[in-house]
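Visitor: Have a look at this fold, sequence not included:
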Ligand SMILES: O=P(O)(O)OC[C@H]1O[C@H](OP(=O)(O)OP(=O)(O)O)[C@H](O)[C@@H]1O
Ligand SMILES: NC(=O)CC[C@H](N)C(=O)O
Ligand code: SF4
Ligand SMILES: [Mg+2]
């Protein structure tokens, strides 16, 4: 027997993207496009489940959407007028075939598929209870707990059973679910992860993690699914439910900093505008005399534009990015990540040589990117290299569906800002303040009594109980097949 803990891998973790469409002749093809637009949220694996009025169909694959859903044969294997899809970056349960979503099960009420973005903070605790009662789990993913809770709920109607299941889970979830008759979209009571509602025609509805997935299929953005809201779409149209006690929302502020695509609207705000605002706040808080503002592409670009506009220092592309390399933050080993930074960025020497530069990046996580980029700028002849970061120091891990490694691997949890500056060999280093970040999203400051966003990775203030985490690793051992 192999003794491992299914909820403890040392893989890197990030986001996922979800998509759902109801009542469209080309539901699978639209889902492929939607997932392609959400590819930045998860590049490990992708999956689609459709329903054709009689049977469910599924295609899942490790890797990118464009590489695995690119043939007519695959699309034809997914017939039906409704579909849900998922792009995955694992947070709980390894990067394995059996953890690819949507997850599917035959319930007493019929087929049921679920796609989940987020991470449940009591998944292990619930799983243990369910296994003791005889549940046979098929995956090591936290998301599967939801299916078992729906399956074993004593309510008779499917929507009640879903609500019953969601009431028992803690943590973050934006889910889309598909049954024979219904497409369901739901967001956790705090609305930590995003989910939007769109429309293609009078009775063709769409759910997606971000509005960029609506744009790609020409759908109209209607509104965000509200925190704590569950929307059911079926032959009778759309019904909205608010089954949880009302809470002040705490959407993830890191979506604005890094995760969402800049052309998306998240929490009613343009991600691009917010990123530019963060750059402006950063310039106000941490001015420096320099010849050029240089973004660390891609994610540092909007903040660098804001910084340049506010400071009046010219903006130049001093680093060129190779677009055929994925996001380094989410590559699956330290070695590859280190190599990734070199493969990905190159100095535009002609611009850099002899200049004092302000480098702008959105975040420092492990410091892998910063250390290489500063070194690269110096090798290209930069006179001075000042680094400015468009988020506060990332000092805490995320338990809500985003890859931040264990706390001790986060550079800012181990070092002061001065120590980090030395470590990355920058002439100066500064981060935007937490209030500066809140100003950038339109608030006057962070309300410390009742924060408007989840910002736990900067503040350590987790908005939900961390039930599994509190048990400690030693108490969470399971005998389990490795992924
Ligand atoms: O301190 P680190 O551990 O290096 O992580 C932080 C870096 O990772 C991300 O970029 P990434 O290269 O992943 O993606 P991007 O191209 O979207 O900016 C982020 O934008 C930072 O640049
Ligand atoms: N990043 C995510 O949202 C992942 C969803 C889910 N927790 C999984 O690991 O599959
Ligand atoms: S801990 Fe950070 S990354 Fe995670 S949900 Fe909260 S703000 Fe977002
Ligand atoms: Mg980056």
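Guide: That came through fine. These numbers come from a predicted model, not from an experiment. Ligands and ions are numbered 1, 2, ... in the order given.
Visitor: which ones are touching residue 104?
Guide: 49, 56, 58, 111, 112, 113, 114 (Cβ atoms under 8 Å, 6 or more residues apart in numbering). C-beta: built from backbone N, CA, C; applies to glycine.
Visitor: Just say helix, strand or coil for it.
Guide: Recorded secondary structure, residue 104: strand (DSSP: H, G, I helix; E, B strand; the rest coil).
Visitor: Next one: it from ligand 2, what distance?
Guide: As judged by Cβ to the nearest ligand atom, to the nearest Å, residue 104 and ligand 2 stand 14 Å apart.
Visitor: just residue 419 next, same as before
Guide: To ligand 2, residue 419 is 31 Å away according to Cβ to the nearest ligand atom.
Visitor: Toward the C-terminus, what is the element adjacent to the helix or strand containing that residue?
Guide: Using DSSP states H and E, residue 419 sits in helix 417-424. Using DSSP H and E, the helix or strand that follows helix 417-424 in sequence is strand 428-431.
Visitor: got the residues of the protein near ligand 1?
Guide: 258, 296, 298-299, 327-329, 361-370 (Cβ under 6 Å from any ligand atom).
Visitor: which outside residues touch stretch 25-33?
Guide: So stretch 25-33 is contacted by 19-21, 24, 48, 50, 65, 69, 75, 78-85, 200, 206, 213, 216-217 (Cβ under 8 Å, 6+ apart).
Visitor: From the residues you listed, list the buried ones, please.
Guide: 19-21, 24, 48, 50, 65, 69, 75, 78-85, 200, 206, 213, 216-217 (16 or more other Cβ atoms under 10 Å).
Visitor: If we ignore the residues flanking it in sequence, what's nearest the closest residue to ligand 2 within the chain?
Guide: The minimum distance from the chain to ligand 2, using Cβ to the nearest ligand atom, falls at residue 16 (3.2 Å). Excluding the flanking residues, the one nearest residue 16 by Cβ to Cβ, 6 or more residues apart in numbering is residue 117, at 4.2 Å.
Visitor: tell me, which of the buried ones among the contacts of stretch 25-33 make contact with ligand 3?
Guide: Answer for these near ligand 3: none qualify (Cβ under 6 Å from any ligand atom).
Visitor: Quick check: which element contains the residue nearest to residue 16?
Guide: When elements are assigned from DSSP H and E, residue 117 belongs to strand 110-120.
Visitor: now for the next helix or strand after that strand, which elements pack on it?
Guide: With elements assigned by DSSP H and E, the helix or strand that comes after strand 110-120 is helix 123-132. Helices and strands touching helix 123-132, by 3 or more Cβ pairs under 8 Å, 6 or more residues apart in numbering; DSSP states H and E, are helix 144-152, helix 467-471.
Visitor: and those, which is most packed in?
Guide: The highest average neighbour count among the helices and strands packed on helix 123-132, using mean count of other Cβ atoms under 10 Å, belongs to helix 144-152 at a mean of 22.
Visitor: Next, the angle strand 110-120 makes with that one.
Guide: Orientation of helix 144-152 against strand 110-120 (axes from the mean of the first three to the mean of the last three Cα atoms, to 10 degrees) gives an angle of 140 degrees.
Visitor: start the count at 21, not 1, going forward
Guide: Done: numbering now begins at 21, and the last item shifts to helix 164-172.
Visitor: Just list the residues touching the residue of the stretch 321-470 of the chain found nearest ligand 3, thanks.
Guide: The stretch 321-470 of the chain approaches ligand 3 most closely through residue 418 (3.0 Å), counting by Cβ to the nearest ligand atom. For residue 418, the contact set (Cβ under 8 Å, 6+ apart) comprises 139, 274, 424, 476, 477.
Visitor: Residue 208 now?
Guide: 138, 186, 191, 192, 193, 194, 247, 248.
Visitor: Return the closest of those residues with respect to residue 284.
Guide: The shortest approach to residue 284 among the contacts of residue 208 belongs to residue 194, at 13.7 Å (Cβ to Cβ).
Visitor: can you tell me which residues contact the closest one?
Guide: Applying Cβ under 8 Å, 6+ apart, the residues near residue 194 are 38, 136-138, 205-208, 213-215, 229, 245.
Visitor: Apply 6 Å and report the result again.
Guide: 137, 138, 207, 213, 215 (Cβ atoms under 6 Å, 6 or more residues apart in numbering).
Visitor: SS state for it?
Guide: Per three-state DSSP, residue 194 ends up strand.
Visitor: Residue 67 contacts residue 106, correct?
Guide: Yes. If you go by Cβ atoms under 6 Å, residue 67 and residue 106 touch, sitting 5.3 Å apart.
Visitor: So between the two, which is more surrounded?
Guide: residue 106 (33 against 27; other Cβ atoms under 10 Å).
Visitor: Any idea what the more buried one is bridged to?
Guide: residue 38, residue 67 (DSSP bridges).
Visitor: Quick check: it vs ligand 1, distance?
Guide: Here residue 106 is placed at a distance of 20 Å from ligand 1 (Cβ to the nearest ligand atom).
Visitor: residues touching that residue, list them.
Guide: Contacts of residue 106 by Cβ under 6 Å, 6+ apart are 38, 67, 121, 122, 135.
Visitor: Could you report the neighbour count for residue 427?
Guide: Number of residues near residue 427 (other Cβ under 10 Å) recorded here: 15.
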